[in-house]
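Q: Sequence and predicted structure below; questions after.
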There are 2 protein chains.
Amino acid sequence: MPSYKAPLDDMRFVLNEVLDVAQLSRIADFSQVDKPTINQFLEEIAKMAENVLFPLNATGDREGCTHDRETKAVKTPTGFKDAYQQFCEAGLTGFACDPKYGGLGMPIVLNTALSEMFCSANLSFGMYPGLSHGAYNALHEYGTDEQKNTYLPKLVSGQWAGTMCLTEPQCGTDLGLIKTKAVKNADGSYAITGTKIFISAGEHDLTENICHLVLAKIEAADTPAGIKGISLFIVPKFLPEGLAHNNVTCGRIEEKMGIHGNSTCEMNFDGAKGWLVGEAHKGMKAMFVMMNEARLGVGLQGLGLSEVAYQNGLNYALERVQSPPIDQKGEHASVTIINHPDVRREILGIKAAVEGERMLAYWISLQLDISQKDPDEAARKKAKAFVDLLTPIVKAHFTDNAVENTNSAIQVFGGHGYIKEHGMEQFNRDARITRLYEGTNGIQGLDLIGRKVLKENLLPGYLRLLMQDLFAAKKNGVSLCLLWPVARRAGTLCRITLKLRVRALFGTLLRRMSFMRDAAGMSTDYYKLMSLVVIGHMWVKMADTATQKLAANPEGGVRDFYETKIKTAHFYMKKVMPQTAAYSGAIGGGTNALMDIPADKFAHTQTTIGA
Amino acid sequence: MPSYKAPLDDMRFVLNEVLDVAQLSRIADFSQVDKPTINQFLEEIAKMAENVLFPLNATGDREGCTHDRETKAVKTPTGFKDAYQQFCEAGLTGFACDPKYGGLGMPIVLNTALSEMFCSANLSFGMYPGLSHGAYNALHEYGTDEQKNTYLPKLVSGQWAGTMCLTEPQCGTDLGLIKTKAVKNADGSYAITGTKIFISAGEHDLTENICHLVLAKIEAADTPAGIKGISLFIVPKFLPEGLAHNNVTCGRIEEKMGIHGNSTCEMNFDGAKGWLVGEAHKGMKAMFVMMNEARLGVGLQGLGLSEVAYQNGLNYALERVQSPPIDQKGEHASVTIINHPDVRREILGIKAAVEGERMLAYWISLQLDISQKDPDEAARKKAKAFVDLLTPIVKAHFTDNAVENTNSAIQVFGGHGYIKEHGMEQFNRDARITRLYEGTNGIQGLDLIGRKVLKENLLPGYLRLLMQDLFAAKKNGVSLCLLWPVARRAGTLCRITLKLRVRALFGTLLRRMSFMRDAAGMSTDYYKLMSLVVIGHMWVKMADTATQKLAANPEGGVRDFYETKIKTAHFYMKKVMPQTAAYSGAIGGGTNALMDIPADKFAHTQTTIGA
């Protein structure tokens, strides 16, 4: 049976020692944040994750959700409803929400630690409140006062849940193809008609009501074609006044590879009553508020799954006795497999990924807090640029890694990893969705290189920070062996980006877009290369703090912690960083290698070859 | 719904044009092999794979095997028994078996094409006859005449099946820890007692009898400790004389991540009657006959799954319309996603892997035929060296790729890839086992670097062949852009190997084994690096043949085939080969980065960090 214990040590290290999150108390909204509060909160959340949610993870996977074809109701797995009740009672649905609507008003960075623990403990469960929070964000930013007063208190308390309804059978990425339509009613509301698929938590039995945020096209002469004609609507399952059942039902739930405890619904809107959120035809803008938060959230899902896979892989490696040490002559007793170098490679690979990701996730979340609440506009703007640039990295890299890391942990178990009862294969199946939803990772790559790097030119600001951190670390006595690999690969990234930007500049002047073909052709290699550099930067930050702490000559477990941290940083630089060469090499290979074969020449044609 | 069509074009290209398998007819045993026979055989097998086995793949996954606790019987999914009957009637269980026992005596290289198709169509099904063939091989090589006459005709006809019983709860890799014991009976047979786990096809309803090949320790004063005291036994479910039920039963079947159509059994031997196969205490040697063939077989499973994932990913990319071309200014209609560079990258990545692997698998199988049947001893020896060296590459690289490629194909489908009805996620779940069984891929890496490279020094012979092929290709007009990347990376491999061999030489002289720690520390990176070089070599061979064929100026689909082949070779060199830099870089990072952290410093300890 798998186990989970929240990595509180490492969380406190990042939150209190590297980032010093308590400094947020300088911002009025966060005056209550101090170290004891942070630590108490971490421990309470950890208890709920470990004792309430994790025990429901494997049973939720086995039992899954069930859909009643008659009543259209969806039942979540045994125990989910009770757990959700406890979750609400602890105030966690409104943890980072506006106190005006009943929220606790805690910083996002702490909510991130909360999310990580819940994703480790039970991803399927964590998605229900996660989606509600996305709906909260969109309404909080774009809703009218009336909408806010109607919906937000219920979303904050967890009595009501929320969803995002974007995808339709014919479109996922390309939302310009949306067919769901909205016809204006006399009372100013809209009648929404259409079918949405892949709606996570679209229907369930956890809450009294479910508020769907739906993308649709207004049927009107002035609605622009494609993506520019999409509007966002709030469509509640039960109408707020009188709670009559709206014309929205769950047609079926999907059978999936994993996340069986979360219902993935086909939602049918049949003239359902909805209200416009934000301006007409500006739905994509509002949707992106939810989407960007959701992308960071999906990254955290990846981190959470990698962490729990790591813990179980490590525990097995520390217990399983198999084969004598390879470097000893003669007869020797078999040893625990953590002593075998190739098992070490798997274990350390996950450890280095997880801790680097945690650092990045918490740092970016802190930037998100600053970008929203800091009284200084320049600070807000600077922080927002980091968030915008690195959101696709968090989404794509953490989730690629989640599949990778959960696979590595299975590998540590050998054949036992393939057996359901050990629980390792569930982590891998659950992880697989994270590379797909909220924009496939390919789309993240395009967002990064097309929008964030080429259009908004956000890279130089980040690289400046990186260089500052490298110099600071050097001053603090961090080994050059940890700094040089990051500096060198940041240089490679810079060179590749500069070359592309120059081409883009000429392309734009000459109105020729072929540079976009190259950008798209390298987009995945680019985000993978950049991810390794960014995580390298995070390792430098951690090594810097650990080096400073070691200077005070701590003892026992504390000393071990810092020393292990620095050794893991060395592992990252020596064994993980070299992967950058694969990506820069592939980028150097150019785009023609991708596009030379005509599309119709791929398929197996039955010719007379070798006949 | 997924589909499968055997890639006959590419198979004929490799078998008839690159390898010219019909030349085997110079060997007396293969006098019947000519091109028409090969082609007819391919078409017949293809029909069975496409029409009989593939339709049972998804249903087999859903239904799985069931175990009756009372009778201890295992029922295979609906349709498997009928399909198996057809399989036997077509003579396929004895396809590559000795005609003396009723086999068709066909070369292994053709059996490999057969296996590939069956693994694409239905891996869970293909494993049943696959395991029987392993048992056939071990008995054919090590059995007494009486054993051969008793068992082989039934195994060849498919009336009886076979298994390999190695793993026990406390040992998989480390078979020295085996506890199953064999006590000699008065009649010369042995009473076998113990529990074996993870026995694929250990119990099922496809055949009249199941012959277990079991590793056990003889209870005797002179039995050596550990791995050197293991013997191999044949333990039939029903005793050949009289067919009384032997004391061997299936205690339970495992719930697994995938291959649900194949029963994975816990087998309990309770004083079961068995007979020694080969010499006492030499069981590992005999087992390795089965194991080496099984490792090639598992590699083919990886290839088969990659191929079927490729076909379905490609079909979807050719049909799914989403988003306008990225390099066009202004409004454009959405296009099929094969036109988007990043989707191309996924598709071509699988294509280049699959075709390279097919070439290697068939070439190695041809070497296996030569190593067993060629009248010239030098030719046999040379061919065997290639097989020995490259078996771990086939097993590890093809199966790593299978997980990778089936994941890529899911990615092409976006969210739809995660839904069961599209069938893509099953390929990935089924593929996951291949990295684990018949020795995890980590063990393959150790076998390659420890035994094949350091101990048996098989690399130089292979590199000589590689250089010859490069020169021949150059003479035939193959572009230097295809040759140079292979030559360069072969040089890197050579340099790394030489350095390690020198250390090993001094280490052996000084009786210090620390070089083995380094070998083990780099073993995975080493096999991955070498795999890319070897597959590059295969691409050169294919490009060479295609270049020569194009010189004859063929037209239509045939011309397209050769041109696409050469373009795919360019893709491999430009976009896949650069991955070698990641592995050579990681090897350069050394072993200390892996071993520096003491084993007891990994776990999260609850310290006062950040408290």
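A: Yes, it's here. Just so it is clear, the structure is predicted and the values come from calculations on it, not from any experiment.

Q: ok now the longest strand seen in chain A, how far from the chain's centre?
A: As assigned by DSSP state E, the longest strand anywhere in chain A is strand A:264-277. In terms of Cα atoms, centre = their mean, to the nearest Å, the centre of strand A:264-277 is set 26 Å apart from its chain centre.

Q: Give the buried residues for the next helix or strand after it.
A: The element immediately downstream of strand A:264-277 (helix or strand, assigned by DSSP states H and E) is helix A:283-319. For helix A:283-319, burial by neighbour count (16 or more other Cβ atoms under 10 Å in any protein chain shown) applies to A:283-284, A:286-287, A:289-318. (Glycine included, C-beta is placed from N, CA and C.)

Q: Hey, what's the angle from the following helix or strand past helix A:283-319 to helix A:283-319? Just curious.
A: Once helix A:283-319 ends, the next helix or strand along the chain (criterion: DSSP H and E) is helix A:341-373. Computed with axes from the mean of the first three to the mean of the last three Cα atoms, to 10 degrees, the direction of helix A:341-373 lies at 150 degrees from that of helix A:283-319.

Q: can you pull the contacts of residue A:244?
A: residue A:238 (Cβ atoms under 8 Å, 6 or more residues apart in numbering or on different chains).

Q: Now do the same for it: its pLDDT.
A: Residue A:244 is assigned a predicted lDDT (pLDDT) of 95.

Q: Please report the distance of it from residue A:209.
A: Using Cβ to Cβ, to the nearest Å, we find residue A:244 at a distance of 11 Å from residue A:209.

Q: Spit out the residues that contact the two alike.
A: residue A:238.

Q: Now do the strands in chain A.
A: Going by DSSP E, chain A shows strands at A:66-67, A:74-75, A:160-165, A:181-184, A:190-200, A:209-218, A:230-236, A:248-253, A:264-277.

Q: Same list, those strands, but as CSV with mean pLDDT and distance to chain B please.
A: Output for these, formatted as CSV (pLDDT from 0 to 100; distance: least, Cβ to the nearest Cβ, whole Å):
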stretch, mean pLDDT, distance to chain B
strand A:66-67, 98, 15
strand A:74-75, 98, 17
strand A:160-165, 96, 13
strand A:181-184, 98, 19
strand A:190-200, 98, 5
strand A:209-218, 97, 16
strand A:230-236, 97, 15
strand A:248-253, 98, 11
strand A:264-277, 98, 8
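
Q: Quick one: closest of those to residue A:367.
A: For the strands of chain A, the distance to residue A:367 is smallest for strand A:160-165, at 23.6 Å, taking Cβ to Cβ.

Q: so what strands line up beside that closest one?
A: strand A:209-218 (parallel) (DSSP bridges).

Q: Pull the number of nearby residues for residue A:328.
A: Look at residue A:328: counted by other Cβ atoms under 10 Å in any protein chain shown, it has 14 neighbours.

Q: typo on my end, it should be residue A:143
A: Neighbour count of residue A:143, defined by other Cβ under 10 Å: 22.

Q: what do you get for the one 10 residues further on?
A: By the measure other Cβ under 10 Å, the count of residues near residue A:153 is 17.

Q: do the one 5 residues further on as well
A: By the other Cβ under 10 Å criterion, the neighbourhood of residue A:158 contains 24 residues.

Q: The one 5 residues further on now?
A: Other residues within reach of residue A:163, judged by other Cβ under 10 Å, total 27.

Q: Quick check: chain neighbours aside, which residue is closest to it?
A: Nearest residue to residue A:163, sequence neighbours excluded (Cβ to Cβ, 6 or more residues apart in numbering or on different chains): residue A:212, at 5.0 Å.

Q: Specify the beta-bridge partners of the one you found.
A: residue A:163, residue A:235.

Q: Tell me how many other residues surround it.
A: The burial count for residue A:212: 26, using other Cβ under 10 Å.

Q: what's the answer for the one 5 residues further on, then?
A: Residue A:217 is surrounded by 21 other residues when neighbours are defined as other Cβ under 10 Å.

Q: cool, and residue A:588?
A: Residue A:588, neighbours per other Cβ under 10 Å, totals 13.

Q: And it, how close does it get to residue A:123?
A: 38 Å.

Q: sorry, back to before: chain B next: which of the buried residues of helix A:283-319 are close?
A: A:311, A:314-315, A:318 (Cβ under 8 Å from any Cβ of the partner chain).

Q: mind listing what the residue of the stretch 101-250 of chain A found nearest chain B touches?
A: Nearest residue of the stretch 101-250 of chain A to chain B, counting by Cβ to the nearest Cβ: residue A:174, 4.3 Å away. Contact partners of residue A:174, counting by Cβ under 8 Å, 6+ apart, are B:322-323, B:334.

Q: doesn't residue A:59 make contact with residue A:260?
A: No - using Cβ atoms under 8 Å, residue A:260 is not in contact with residue A:59, being 10.2 Å away.

Q: what is in contact with these two at once?
A: residue A:77.

Q: what about residue A:36, how many neighbours?
A: The burial count for residue A:36: 9, using other Cβ under 10 Å.

Q: Kindly apply the preceding question to residue A:59 instead.
A: 14.

Q: Help me confirm that it comes into contact with residue A:83.
A: No - in this structure residue A:59 lies outside contact range of residue A:83 using Cβ under 8 Å: 11.2 Å.

Q: Retrieve the pLDDT associated with residue A:288.
A: Reported pLDDT for residue A:288: 81.

Q: same question, residue A:328
A: Predicted confidence (pLDDT) for residue A:328: 84.

Q: my guess is it contacts residue B:511, does it?
A: No - if you go by Cβ under 8 Å, residue A:328 and residue B:511 don't touch, sitting 11.3 Å apart.

Q: any idea where the helices of the stretch 401-550 of chain A begin and end?
A: Remark: helices assigned in the stretch 401-550 of chain A by DSSP state H, counting those that start in this stretch are A:424-432, A:441-446, A:459-475, A:480-509, A:514-551.

Q: and among those helices, the most buried is which?
A: helix A:424-432 (a mean of 27; mean count of other Cβ atoms under 10 Å in any protein chain shown).

Q: The helices of the stretch 401-550 of chain A into CSV, with extra columns for distance to residue A:9 and mean pLDDT?
A: Converted to CSV, the helices of the stretch 401-550 of chain A look like this (distance: least, Cβ to Cβ, whole Å; pLDDT from 0 to 100):
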stretch, distance to residue A:9, mean pLDDT
helix A:424-432, 22, 98
helix A:441-446, 30, 98
helix A:459-475, 22, 98
helix A:480-509, 21, 96
helix A:514-551, 12, 97
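
Q: so what's residue A:517 up against?
A: A:591, A:595, B:326-327, B:341.

Q: on that earlier part again, may I have the phi/psi pair for the residue of the stretch 101-250 of chain A closest to chain B?
A: Reported as degrees, to the nearest 10, the phi and psi values for residue A:174 are phi -90, psi 80.

Q: circling back to that earlier point, so what's the residue nearest to residue A:163 up against?
A: A:162-163, A:165, A:199, A:202, A:234-237, A:248, A:267.

Q: What is the nearest of those to residue A:540?
A: Out of those, the member with the shortest distance to residue A:540 (by Cβ to Cβ) is residue A:162, at 38.7 Å.

Q: How many neighbouring residues does the nearest residue in space to the closest one that is not next to it in sequence have?
A: Counting by Cβ to Cβ, 6+ apart, residue A:162 lies nearest to residue A:135, which is 2.4 Å off, once chain neighbours are set aside. The burial count assigned to residue A:135 is 25, neighbours taken as other Cβ under 10 Å.

Q: contacting residues around residue A:135?
A: A:151, A:155, A:161-164, A:211, A:213, A:290.

Q: again, 6 Å this time
A: If you count contacts by Cβ atoms under 6 Å, 6 or more residues apart in numbering or on different chains, residue A:135 has them with A:162, A:211, A:213.

Q: you'd agree the second one is up against residue A:235?
A: No - with contact defined as Cβ atoms under 6 Å, residue A:211 does not count as touching residue A:235 (7.6 Å).
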